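Colleague: give me coordinates for this.
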Amino acid sequence: RRARELHGGAGVMISTTQLYLQQLRMKPDSPQSTEWLNRAENLLNDTVGNIVAIAQNLQPAELESLGLAGALQELIRRMESSERFRFQVQLQAIPNLAPERALLLYRMAQELLNNAFKHAQASTLSVTLSADEETLTLSIADDGIGFDPEQVPAEGKRKGMGLKTLESRASLLGGTLVRQSAPGQGTETTISAPVNP
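Modeller: Coordinates of the predicted model:
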């Protein structure tokens with residue numbers, strides 16, 4: 001479980017840091033080089049904190065202090081700093097959400113955003129969190145290259161395991177995970193679950 005949390009949370013920050021370092025390597029004399037270096041350093045510091053929190057089996061500090069919607073906003077803010085994506089964000093606070101359920105949803109969002117960062121070749125990411133009295137919905141969509149869902153298992157063990165992890169977490173929530181995609185048409189993943197069982 002902790003390995004999955006590292007892959008999701010730290011994975012996003014490390015991927016963003018790699019992007020800054022690639023920019024520095026390609027354009028070492030750019031006027032933005034100092035800014036890129038500072039951002040990479042800050043992200044690495046955040047990554048260390050994230051790993052320490054996981055090692056202590058704690059929820060991320062922002063999830064405890066800000067709730068699920070606020071923690072997702074902070075995660076998106078970190079990704080926005082790479083200037084690689086445009087984000088369309090609608091996040092509804094869910095004050096009566098149990099902490100363990102918030103953590104599962106947060107980790108799922110991390111995994112989906114990390115996958116989009118690494119594989120989607122997208123320019124826009126959409127993140128929506130909404131709820132009524134009984135049901136919550138988390139949706140993450142991109143306008144990237146998409147894929148044929150029927151061929152995912154043949155693309156490699158790691159991608160298949162990632163999807164199984166997401167489905168397993170959705171099942172723990174007593175909910176469902178629906179993924180829609182087609183080549184050239186982006187990908188949308190929607191998780192629906194009871195607010196509290």
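Colleague: switch to C-alpha atoms for all contacts and neighbour counts from now on
Modeller: Noted.
Colleague: show me the contacts for Cys137.
Modeller: Careful, residue 137 is Thr and not Cys. Listed by C-alpha atoms under 8 Å, 6 or more residues apart in numbering, the contact set of Thr137 reads 128-131, 190-193.
Colleague: which ones among those lie within helices?
Modeller: Within these, no residue falls in helices by DSSP state H.
Colleague: now do the residue lying farthest from the centre of the chain against Leu19, distance only.
Modeller: Centroid-distance maximum for the chain: Asp29 at 31.9 Å, with C-alpha atoms, centre = their mean. Between Asp29 and Leu19 the distance is 16 Å, computed by C-alpha to C-alpha, to the nearest Å.
Colleague: how far is stretch 134-141 from where the chain is centred?
Modeller: 14 Å (C-alpha atoms, centre = their mean, to the nearest Å).
Colleague: buried set for that stretch?
Modeller: 136-141 (16 or more other C-alpha atoms under 10 Å).
Colleague: and for stretch 114-127?
Modeller: For stretch 114-127, using 16+ other C-alpha under 10 Å, the buried residues are 114-117, 120-122, 124-127.
Colleague: between those residues, which is nearest Gln73?
Modeller: Set against Gln73, the nearest of the buried residues of stretch 114-127 by C-alpha to C-alpha is Val127 (9.4 Å).
Colleague: hmm, the closest one is touching Gln92, no?
Modeller: No. If you go by C-alpha atoms under 8 Å, Val127 and Gln92 don't touch, sitting 10.9 Å apart.
Colleague: so which of the buried residues of stretch 134-141 sit within strands?
Modeller: Among the buried residues of stretch 134-141, the residues falling in strands (DSSP state E) are 136-141.
Colleague: tell me the two of those that are most distant?
Modeller: Of all pairs in these, the most separated under C-alpha to C-alpha is Leu136 and Ala141 at 16.6 Å.
Colleague: does Ile76 lie in a helix or a strand, and which?
Modeller: helix 61-80 (DSSP states H and E).
Colleague: does Leu129 touch Gln90 like I think?
Modeller: Yes. Under the criterion of C-alpha under 8 Å, Leu129 is in contact with Gln90, at a separation of 6.3 Å.
Colleague: point out where this protein drops to low pLDDT.
Modeller: 1-8, 52-58, 152-161 (pLDDT under 70).
Colleague: about what we covered before: okay, Leu129 and Gln90: which has more neighbours?
Modeller: Leu129 (20 against 13; other C-alpha atoms under 10 Å).
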